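[1] what's the 3D shape of this:
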Amino acid sequence: MPEFFALLGIDVFLAISLVSCLLDSRFPKAIPYIYQAAALFGFAHLLVSKEFITIFGDYMRFWYSFIYLVVALGNVIAVNVYFAFQKELWRLARFFLGIVTFPIVLISVLFVLDYANSMTPSALLFPRLPLETISLVLVASAVFLGIGIVASFRLKNKKRREEVMIREMEEEEVMIREDEKYGGEMSEY
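    A predicted model of the protein is given here:
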């Protein structure tokens, strides 16, 4: 059923809405609601598609579901670009690329190409790929997910080390001030 792409697009919009709620300090306040409205539009799209399933052929249903999915994927990429260029949060953009953007785009491409392989050759303008590409896609997604997780832990550990160093420097400054205040008497203890 080509409506699967519309469901996938709805899930993508809801996931971006959730991410924008979790990172609310980095997004304008209206963004989560806009993504939720886009997801509701997708549900309305499915209801209309259900009523006219006999009138629209598989190809027509595929193309408007596919366009909805492309719009959803474009929004995922736009969020990544927003982090990188507008907010200049390069680390967060790389993390978002590894954890969200790349796996979602890769899995969506996998489903589209699999659907294209099941159709007649002249129906769609997508290349035919062997079914073994699913393992390659899943391995690539796992690698990018792993890189994103490692990068986030490295960033978290680096921040902790910086906080510890700052705290130690502050404690050392306090000790030096106290030592100067009491004229070196504190150094004997």
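
[2] for the chain, which helix is longest?
    In the chain, taking DSSP state H as the definition, the longest helix is helix 133-181.

[3] so is Ile53 in a helix, a strand, or just coil?
    coil (DSSP: H, G, I helix; E, B strand; the rest coil).

[4] quick one: contacts for the residue nearest the centre of the chain?
    Centroid-nearest residue in the chain: Val100, 2.6 Å away (criterion: Cα atoms, centre = their mean). Val100 makes contact with 15, 19, 76, 80, according to Cβ atoms under 8 Å, 6 or more residues apart in numbering. (Each C-beta comes from the backbone N, C-alpha and C, glycine too.)

[5] Quick one: neighbours of the last one, just the number.
    Translated: Asn80. Neighbour count for Asn80, taken as other Cβ atoms under 10 Å: 19.

[6] Nearest residue to it in space, please, no chain neighbours.
    Thr101 (4.9 Å; Cβ to Cβ, 6 or more residues apart in numbering).

[7] And the second one, by the same measure?
    Distance criterion Cβ to Cβ, 6+ apart; nearest residue to Val19, sequence neighbours excluded, is Val100 at 6.9 Å.

[8] What pLDDT is listed against the one you found?
    Note on Val100: pLDDT of 82.

[9] where does the chain dip in pLDDT?
    Counting by pLDDT under 70, the chain has low-confidence residues at 119-131, 134, 155-156, 182-189.

[10] Got phi/psi on Ile53?
    The phi and psi values for Ile53, taken as degrees, to the nearest 10, are phi -60, psi -30.

[11] residues in contact with the residue nearest to Asn80?
    By Cβ under 8 Å, 6+ apart, the neighbours of Thr101 are 76-77, 79-80.

[12] Mind putting those residues into a markdown table with distance to Gln86 and secondary structure?
    Shown next, in a markdown table, are those (distance: Cβ to Cβ, whole Å; DSSP: H, G, I helix; E, B strand; the rest coil):
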| residue | distance to Gln86 | secondary structure |
| --- | --- | --- |
| Val76 | 15 | helix |
| Ile77 | 13 | helix |
| Val79 | 10 | helix |
| Asn80 | 11 | helix |
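
[13] For Ile31, which non-adjacent residue is spatially closest?
    Per Cβ to Cβ, 6+ apart, closest to Ile31 is Ser20, 4.8 Å.

[14] The one helix or strand Gly9 maps to - contacts with which helices or strands?
    Using DSSP states H and E, Gly9 sits in helix 3-22. Applying 3 or more Cβ pairs under 8 Å, 6 or more residues apart in numbering; DSSP states H and E, we find helix 3-22 packed against helix 31-51, helix 58-81, helix 102-118.

[15] Tell me the buried residues in that helix?
    3, 5-10, 12-17, 19-20 (16 or more other Cβ atoms under 10 Å).
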